[in-house]
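Q: mind looking at a prediction? Sequence and model below.
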Amino acid sequence: DAGVIQSPRHEVTEMGQEVTLRCKPISGHNSLFWYRQTMMRGLELLIYFNNNVPIDDSGMPEDRFSAKMPNASFSTLKIQPSEPRDSAVYFCASSFGTGHEIEQYFGPGTRLTVT
Amino acid sequence: ILNVEQSPQSLHVQEGDSTNFTCSFPSSNFYALHWYRWETAKSPEALFVMTLNGDEKKKGRISATLNTKEGYSYLYIKGSQPEDSATYLCAFGGYNFNKFYFGSGTKLNVKP
């Protein structure tokens, strides 16, 4: 199995531009998580889906952020318009189930830089 | 917001030293605790999932213990090697919460 796939691996964009991050979960996994890692706040959960349905989006910082999961094998995280403070590493993770005892598998992350 | 604390923040040891660090979490509504190993420029990799008070898990030279009544878990590394250098993260899951709460990690540097 290829593991969780994220693209792009690096993104540099100018303030005000739209940014779309992509994630392909491990085949057969039915839960998908978007995390953001910053020096200030560490690793924080933005949103997660179960069976393609958003379950908890309380971590999404503001309306500029949106996430979709149109099918079981693809999810996007969009920032529009982007701001310099959005610069971070964004991780996608997937699991089979959402129970707290379930192991999550992380992708390689997308490093976003907004200038 | 829930507090999951890890200590120390960073640790420098010599190759061959044994070391341990702590994850503290709320003792009420405990469901599960995860330990992850996170190497620089890579993604977090699951080490252990622990659910029962008194649980002890082991993987090679790395082991972990869990005390849910007092709200802490220890991670031990016996005979540290340079390849153990990484950030070790814990994540707490509670009954009344939808999601995990991650600690800020302990960054371990093992010098050859």
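A: Looks like it arrived, so ask away.

Q: the residue lying closest to B:Y76 once chain neighbours are set aside sits in which helix or strand?
A: Spatial nearest neighbour of B:Y76, chain neighbours left out: B:N20 (4.5 Å); criterion: C-beta to C-beta, 6 or more residues apart in numbering or on different chains. (C-beta placed from N, C-alpha, C; glycine too.) Using DSSP states H and E, the element containing B:N20 is strand B:19-24.

Q: cool, A:V89 as well?
A: strand A:88-95.

Q: equivalent analysis for A:L46, please.
A: Counting by DSSP H and E, A:L46 is part of strand A:42-50.

Q: now do the strands in chain B.
A: Counting by DSSP state E, one finds strands in chain B at the ranges B:5-7, B:10-14, B:19-24, B:30-38, B:45-50, B:56-59, B:62-67, B:72-77, B:86-94, B:101-102, B:106-111.

Q: let me know which of these is tucked in deepest.
A: strand B:86-94 (a mean of 23; mean count of other C-beta atoms under 10 Å in any protein chain shown).

Q: got the CA coordinates for it in CSV?
A: The C-alpha trace of strand B:86-94 is given here as CSV (Å, rounded to 0.1, in the frame of the first residue of the first chain):
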residue,chain,number,x,y,z
ALA,B,86,13.0,12.3,16.8
THR,B,87,10.1,14.1,18.5
TYR,B,88,7.9,11.8,20.5
LEU,B,89,4.3,12.9,20.7
CYS,B,90,1.4,11.7,22.8
ALA,B,91,-2.2,12.1,22.0
PHE,B,92,-5.1,11.8,24.4
GLY,B,93,-8.7,10.7,23.6
GLY,B,94,-11.5,11.0,26.1
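
Q: skipping adjacent residues, who's closest to the residue of chain A at minimum distance from chain B in space?
A: Closest contact between chain A and chain B, by C-beta to the nearest C-beta, is at A:H100 (2.8 Å). Once flanking residues are discounted, A:H100 sits nearest to B:G93: 2.8 Å by C-beta to C-beta, 6+ apart.

Q: and the one you found, bridged to which residues?
A: B:A32 (DSSP bridges).

Q: dump the residue contacts of it.
A: Applying C-beta atoms under 8 Å, 6 or more residues apart in numbering or on different chains to B:G93 gives the contacts A:100-101, B:31-34, B:99-101.

Q: and if you look at A:V19?
A: By C-beta under 8 Å, 6+ apart, the neighbours of A:V19 are A:11, A:13, A:78-80, A:82, A:86, A:112, A:114.

Q: which one of the residues you listed is nearest to B:Y76?
A: Lowest distance from B:Y76 to the contacts of A:V19 (C-beta to C-beta) belongs to A:L112, with 35.8 Å.

Q: now the strand or helix carrying that closest one: average pLDDT?
A: According to DSSP H and E, A:L112 maps onto strand A:110-114. The pLDDT scores in strand A:110-114 average 96.

Q: pull the CA atoms of that strand into PDB?
A: Extracted C-alpha coordinates of strand A:110-114, given in PDB (Å, rounded to 0.1, in the frame of the first residue of the first chain):
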ATOM      1  CA  THR A 110       2.300  19.800   2.600                       C
ATOM      2  CA  ARG A 111       4.500  22.600   3.600                       C
ATOM      3  CA  LEU A 112       2.700  25.900   2.800                       C
ATOM      4  CA  THR A 113       4.400  29.200   2.700                       C
ATOM      5  CA  VAL A 114       2.300  32.300   2.100                       C
END
